[in-house]
Structures are given as structure tokens and as C-alpha cells.
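1. Turn this into a model:
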Amino acid sequence: MQKNLQIRLLPHEAASDHEILLAISRETGISRERIKGFNKLKQSLDARSRTIWVNLTLIIYVDEPFLQIDPVSFQFRDVSGTSKKVVIVGAGPAGLFAALRLIELGIQPIIIERGKEVRARRRDLAAMNKEGIVNPDSNYCFGEGGAGTYSDGKLYTRSNKRGDINRILNLFVHFGADRNILYQAHPHIGTNKLPTIISAMRSLILERGGQYHFEKKLVDFNHHGNHLNELICGDGDTLSAKALILATGHSARDVFELLDRKKILIESKPFALGVRVEHPQSFIDAAQYHCVARGEFLPPASYSLVDQVEQRGVFSFCMCPGGIIAPAATQAGEIVVNGWSPSKRNNPFANSGMVVSVEEMDLKGFKMHGALAAMRFQQSIEQRAFNQGGGKLVAPAQRLEDFVKNKISASLPDCSYLPGIQSADLREVLPPFVHQALQKAFRSFDKKMRGYLSNDAVVVATESRTSSPVRIPRQEKSLHHPQLKNLFPCGEGAGYAGGIISAAMDGQKIAEAAAAAI
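-> Got it, this is the predicted structure:
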């Protein structure tokens, strides 16, 4: 007999299969000898009270052999000899998962990626962190795996209406992710493990007849009537395209400029702008777990904070427990920060984006108009941050309490941001409406998490790549661009996703639409 069961246990009990089996017996009244095993279906942490509980949803096996639930299997076809081909620009989550779906459908994906393969990117990331040198085509945003590869690997999304989340998680497991992402409430892979998974995806795509072209940048295209027919790359190569999936990510400003220059419809889109706030992880643990020190069976604590300031949203974004603040600029002369965590989340700091919604009315106030208005506004703030920093990607920063009091910090605490931080007045970086909204929100957050507003915490500017500032429209049902019938805008860069999972789901959906069009 198989039976579903929900139980809650203390953290040390939930970490032991033996203790879980004893709890199953207590809860059901079935003797331990009759319970042959269990599979976890869901696992979450409830830390709302001083007693912390782990909630488990299980399927238990009584009086019958235990069967480990196997991950979903996938049928990837050999597409080396097919005449059906789809070009994919960008090898981030949207592009990679589009390629995998095309192979399942018997269509050859041809991936062109402006950056380098996943491991070669590391040298360019090291140059950013150690020397402040930005390679505009190989950085934290561009290269195999996209921005997600070296920015944490969080797999949590609220976009459950956009596609099959479990399918995406099972694909990650197929390529080497730990099975626990299938049942954890907030699954996370870790920046240290993602490169191996991304490499395994590439190996499969190549084995099945797909193509990869690294360090090949889209710089122009030709179209005849309402059909795109030729791509022009930076090295002078041209590619014909019966269908093009455009999955270039939220930071491909040159692609947005190209589309605008070619008079292809794009739209300015609201986004969010702010800072990274970093606390000692020990403080976040104590605040969230109501304890002096975190126990060994508890993960590093995270938080999610949101406030409304004069009808404007202020919220935490991409919170990284045990994480590191990383430089995410894609051009010289700008400062952009992001956060990531390794799989163990064992660094001494916790950081989170703290951002403010930016609407169309804000752009008009800065005399910015047109389809690229939000992008230009975003870029201008990043350049201000660079000008207030110390050169070589040294970022402007303030202690958190000083930020709220409009006081330049005489000194700064230790910070995980490797290029370094420099004391500055962040009013010289952030627009007044962003700065003031953050100040009010930080006071509010301190009421929700006592001690949050502390000078042991540091504010680092600027967190500006929360989402694409441009949307590339597409038809609601056929998903192609309304002007170009074989152009399929996809993922975060097109304004239809936000994070690894939603981008991957969008990639799979777009692949099906492109396949139906050729």
C-alpha cells in the first residue's frame, strides 16, 4: 500500500531517515516493520515561531517493496541529418532549454553565443574581480549559461502558469543537479555546481547533432518583407535563418539598439533599481531563527521583505544567504552589482538586492522618451555609480544606518565585493525618488526584522539589472514578433521571464512555436 502523508519534524529529526521513519510510525499508528520506505514530495521550513519546524509531504510504502521515484526520462533525438533548423541567439537558460526542446521535437538547434564556453568565462570574471577589467562579451551576464550560471542558481519561481516547472527541474536533475531540487520549497543549485550542469547540456546537444558557435556576436540582420532571412555576425559570417529564437538576455543593449535602428517594434518597460545590502550572515540567522547561533541542521537563513512607499513598491530581490556580491557590468565605465551563493551557502555574509519600481512617469521626469528610455535611464545610473566609485569597478557604498541618515560613512565594514568599495554619498548616484523610497523602506524593514537597520550592514550601488528595461512584443498565440513572422523573442531579454526557471519555461514554449512555424 502506498499512502501520502504530511508531517512536521524538528530540523535534526528531518535530517535523519531513521527519525522520519519513526515519525511516520507515530503519526500513522503503523508499526515500523511494516513501513518499507518513503519518498519526499515536498519539504519546507517554518521559522515563524521560536520552535522551528520542517514540513514534509511524503509518499510512504507499507507492506510492499519501497521504490525510489526516478526522475522523469527524456527522449532526445538525433537531429544531425534533419533539414529542419532553428537558429538560437544566446546560450542562457532560455536559449539552452529551447535547444533541448527542439532536439526532442526532431529539429536541429544552431546556437550562436557572443561569449565564451562556461569554463573559459572564469578568466574574464577573475579579471573583473581582481583588475576591474570588463570584457563586454564575456562577463557575469554574457557567455554560456547566461547570467544564471554565475549568479547563484536559484530555481524558485512564482510563474507556475507559464509552463511546467517540474519538467524544468527534472531536466536539471537529468544533467546532474541534486535530486533534492525536486521537493525543496526553494530549490537552489549553487554557482559552484552550475558550470558542470551547463557543460553536460552542451555535450548532449552536440551529441544529438545540434551546433554551438561561441564568440559569435549578432550585429545585424536582413529581412525580406515580414520574414527575417539572414543574420550577420561580428566576424563577418552570415547565417540563413528560417526561424530565429532571440534569447539574448536582459543586458544585450546592442541588440535592443539594433532592433530600434532597424525599426522593429520594441517597447520601453518598467524595471526596478536600487542597491545591494549586505549583513553578516550570523545576524540574519539570529533574526530569522530567534536564536543566538544557528544550529547545524538549519540552513543559512534568508529573508524576503517588501514595502509600499507612497504607492511605490520597494522589495528585496535575489537574496543570497552565505553569498557574495559580484560585479555585473557589461561595459567599461559602469558599476552594476549582483549576488550569488555557492551550494553550501557558507560564506560569512548575506546580501540582497533592495530595489524600487521605476515606472514610465519617472522616465518622463528625467526627459527620457521612446522605446529605449528605460534602458538609457538604467545606463545613466550605472555610469553615475562608476563616477562615484574608486575606478577599476570599486563600488560606491555607505553603512546602512548612515545611508538612512544622509551621512557619509567615515569607514566601511568588511564586504564580500572583491573589486572593493569606497565611501560615497549615494544621493549622488541614485535618483531622489529611489533614494528616498529606500530610506523609508529600510526604517520599515527594521520594524519587521529588529536590528536590520545597522551600521554593521553596508549598502553597495548599484543593483540595476533586475529585469529587462525593454520588451520585444510577440503575438499572444503564435509567439512570433508581429512584424517578423519568423522572429521569436524569448526569455528575460524579451521581457517575458524573470529568473532561471521562468526563462527556461519560456524557452521550451518558444521552441514549440518556432518548430510549428518551419
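
2. So the residue nearest to residue 304 when sequence neighbours are not counted: helix, strand or coil?
-> Leaving out its chain neighbours, the residue that sits closest to residue 304 by Cβ to Cβ, 6 or more residues apart in numbering is residue 316, at 5.6 Å. For every residue, glycine as well, the C-beta is placed using N, CA and C. With DSSP: H, G, I helix; E, B strand; the rest coil as the basis, residue 316 sits in strand.

3. Residue 421 and residue 457, how far apart?
-> Residue 421 sits 13 Å away from residue 457, going by Cβ to Cβ, to the nearest Å.

4. Thought residue 219 was touching residue 262, still the case?
-> No - when contacts are counted by Cβ atoms under 8 Å, residue 262 is not listed as touching residue 219 (11.6 Å).

5. where in the protein is pLDDT low?
-> For the chain, the stretches with pLDDT under 70 are 151-153, 157-162.

6. So it: which segments form each domain?
-> 2-62, 85-266+470-517, 270-463 (automatic domain parsing).

7. Could you pull out the strands in the stretch 51-200 of the chain for me?
-> Along the stretch 51-200 of the chain, counting by DSSP state E, counting those that start in this stretch, strands occupy 53-62, 85-89, 108-113.

8. Pull out the buried positions in the longest one.
-> Neighbour counts using 16 or more other Cβ atoms under 10 Å place 53-54, 56, 58, 60-62 of strand 53-62 among the buried residues.

9. just the last one next, same as before
-> By neighbour count on 16+ other Cβ under 10 Å, the buried set for strand 108-113 is 108-113.

10. again, but for the second one
-> If you call a residue buried by 16+ other Cβ under 10 Å, then strand 85-89 has these buried ones: 85-89.

11. Distance check, residue 219 against residue 238.
-> 11 Å.

12. who touches both of the two?
-> Residues touching both residue 219 and residue 238 (Cβ atoms under 8 Å, 6 or more residues apart in numbering): residue 232.

13. Which one's more surrounded, those two?
-> Just comparing residue 219 and residue 238: by other Cβ atoms under 10 Å the higher neighbour count belongs to residue 219, 15 against 12.

14. and the more buried one, what does it touch?
-> Counted by Cβ under 8 Å, 6+ apart, residue 219 has contacts 232-234, 254, 258.

15. Same check on residue 91?
-> If you count contacts by Cβ under 8 Å, 6+ apart, residue 91 has them with 111, 113, 115, 143-146, 212.

16. Give the full set of residues in contact with the residue nearest to it when sequence neighbours are not counted.
-> Using Cβ to Cβ, 6+ apart and skipping residues adjacent in sequence, the residue nearest residue 91 is residue 113, 4.1 Å away. If you count contacts by Cβ under 8 Å, 6+ apart, residue 113 has them with 90-91, 95, 143-144, 212-216.

17. among the residues you listed, which two are most distant?
-> 95 and 215 (15.4 Å; Cβ to Cβ).

18. In terms of neighbours, single out the busier of those two.
-> residue 95 (32 against 17).

19. can you count the residues close to the closest residue in space to the more buried one that isn't next to it in sequence?
-> Nearest residue to residue 95 in three dimensions, chain neighbours excluded: residue 247, at 3.8 Å (Cβ to Cβ, 6+ apart). By the criterion of other Cβ under 10 Å, residue 247 has 33 neighbours.

20. Kindly provide the distance from residue 247 to residue 401.
-> In terms of Cβ to Cβ, residue 247 sits 42 Å off from residue 401.

21. Next: residue 198.
-> Per Cβ to Cβ, residue 198 is found 40 Å from residue 401.

22. Repeat that for residue 308.
-> To residue 401, residue 308 is 22 Å away according to Cβ to Cβ.

23. Name the residue in the two with the higher neighbour count.
-> Set residue 308 next to residue 401 and count neighbours by other Cβ under 10 Å: residue 401 wins out with 17 against 13.

24. Does anything pack onto the helix or strand hosting that one? Which helices or strands?
-> Assigned by DSSP states H and E, residue 401 belongs to helix 400-404. Contacts defined by 3 or more Cβ pairs under 8 Å, 6 or more residues apart in numbering; DSSP states H and E place helix 400-404 against helix 432-448, strand 458-463.

25. what about residue 124, neighbour count?
-> By the criterion of other Cβ under 10 Å, residue 124 has 20 neighbours.

26. who are the neighbours in contact with it?
-> Here residue 124 is in contact with 116, 135, 138-139, 143 (Cβ under 8 Å, 6+ apart).

27. Tell me how far residue 355 lies from residue 294.
-> Taking Cβ to Cβ, one finds residue 355 at 27 Å from residue 294.

28. whoops, I mixed them up, residue 55
-> In this view, residue 55 and residue 294 are 19 Å apart by Cβ to Cβ.

29. Give the burial count for the nearest residue to residue 512 once chain neighbours are set aside, as a bare number.
-> Leaving aside its chain neighbours, residue 512 sits nearest to residue 101 (6.5 Å; criterion: Cβ to Cβ, 6+ apart). Using other Cβ under 10 Å, residue 101 has 24 neighbouring residues.

30. if I read this right, residue 101 contacts residue 504, doesn't it?
-> No - Residue 101 is beyond contact range of residue 504, at 9.7 Å (criterion: Cβ under 8 Å).

31. Can you pull the residues that touch both of the two?
-> Overlap of the contact sets of residue 101 and residue 504 (by Cβ under 8 Å, 6+ apart) is empty.

32. Show me the beta-bridge partners of the residue nearest to residue 69 when sequence neighbours are not counted.
-> Excluding the flanking residues, the one nearest residue 69 by Cβ to Cβ, 6+ apart is residue 39, at 4.7 Å. Going by DSSP bridges, residue 39 is paired in beta bridges with residue 59.

33. list the contacts for residue 39?
-> 58-59, 68-69.

34. Could you report the neighbour count for the closest residue to residue 11 other than its chain neighbours?
-> Spatial nearest neighbour of residue 11, chain neighbours left out: residue 297 (3.8 Å); criterion: Cβ to Cβ, 6+ apart. If you count neighbours by other Cβ under 10 Å, residue 297 ends up with 14.

35. my read: residue 297 touches residue 14, true?
-> Yes - assessed by Cβ under 8 Å, residue 297 is found in contact with residue 14 at 7.5 Å.

36. what's near enough to touch residue 185?
-> Neighbours of residue 185 in contact, by Cβ under 8 Å, 6+ apart: 42-45, 156.

37. go on, residue 308?
-> residue 314.

38. residue contacts, residue 106?
-> With Cβ under 8 Å, 6+ apart, residue 106 has these contacts: 77, 79, 82, 84.

39. make it 6 Å
-> By Cβ atoms under 6 Å, 6 or more residues apart in numbering, residue 106 lies in contact with residue 77.

40. now stretch 348-359: how far from the chain's centre is it?
-> 13 Å (Cα atoms, centre = their mean, to the nearest Å).

41. my bad, should have said stretch 180-193
-> Worked out by Cα atoms, centre = their mean, stretch 180-193 lies 13 Å from the chain centre.

42. From start to finish, how long is that stretch in a straight line?
-> 14 Å (Cα to Cα, to the nearest Å).

43. Before I go, just wanted to say thanks for your time.
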